[in-house]
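Peer 1: Sequence first, then the predicted structure, then my questions.
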Amino acid sequence: MDERHEAELLDAIEIWTRAIRRDPRDVTARKARGAAFAELGNFERASRDFAKALRLDPSPLIRYYRGLDYLRMGEPGMAIAEFTNALVLDPGFLEAVEHRADAFRVLHDEARAALDDRQARRIRRRQARTRLVVETAQQDAREVPLKTA
């Protein structure tokens, strides 16, 4: 990471810290500050922000971010738990499945990693079908002539 980017992240952390001081329940600021700390490699501080954000808003995205932090900290078991929690809340969360497979590989659990790989392929196919249906509907809507009175 270059010095300029690091300085930008530190400035952003200061801004989000002020926002949190003004409103300790500001989930957005906590998530953003946690992500910035993670990008700087300060996973402990990131994890604290994500933990507080989870208490305020138990979203799958925050669980996912915590899982990434645990994976980066070399704690694949904790990462698997967080990715699994994210998937309980959002079973179609592709990135959580993919990173959980990575965590299983770190633990040399190839069987579970393969199961997650298959689940990720199913999610990708379902997302592709959904995109196709939406695009077809949008195309059909553009082609239907408007009736005038």
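Peer 2: Done, it's in.
Peer 1: Quick check: which element contains Arg30?
Peer 2: For Arg30, the host element (DSSP states H and E) is helix 27-40.
Peer 1: buried stuff in that helix?
Peer 2: 27, 29-38, 40 (16 or more other C-beta atoms under 10 Å). For glycine as for every other residue, the C-beta is placed from the backbone atoms N, C-alpha and C.
Peer 1: Would you point out the most distant pair within those residues?
Peer 2: Using C-beta to C-beta, the two most remote members of the buried residues of helix 27-40 are Val27 and Leu40, lying 20.5 Å apart.
Peer 1: quick one on the thing from earlier: just curious, which of the buried residues of helix 27-40 is nearest to Ile80?
Peer 2: Once C-beta to C-beta is applied, the member of these that ends up nearest Ile80 is Ala38, at 18.0 Å.
Peer 1: low-scoring stretches of the protein, by residue?
Peer 2: Applying pLDDT under 70 to the chain flags the ranges 144-149.
Peer 1: Now for it: which helix has the highest residue count?
Peer 2: The longest helix of the chain (DSSP state H) is helix 110-143.
Peer 1: host element of the residue lying closest to Gly34 once chain neighbours are set aside?
Peer 2: In space, and not counting its chain neighbours, Gly34 is closest to Asp49: 3.3 Å by C-beta to C-beta, 6 or more residues apart in numbering. Per DSSP H and E, Asp49 falls inside helix 43-56.
Peer 1: So which bits of that helix are buried?
Peer 2: Here helix 43-56 shows 43, 45-47, 49-50, 52-54 as buried, counting by 16+ other C-beta under 10 Å.
Peer 1: Which neighbouring elements make contact with whichever helix or strand comes after that helix?
Peer 2: Remark: after helix 43-56, the chain's next helix or strand is helix 60-72, criterion DSSP H and E. Packed against helix 60-72, as judged by 3 or more C-beta pairs under 8 Å, 6 or more residues apart in numbering; DSSP states H and E, are the following elements: helix 27-40, helix 43-56, helix 76-89, helix 94-106.
Peer 1: Run through who's touching the helix holding Arg30.
Peer 2: 1, 6, 9-10, 12-13, 16-17, 19-20, 23, 43, 45-50, 52-53, 56-57, 61-62, 65, 68-69, 72 (C-beta atoms under 8 Å, 6 or more residues apart in numbering).
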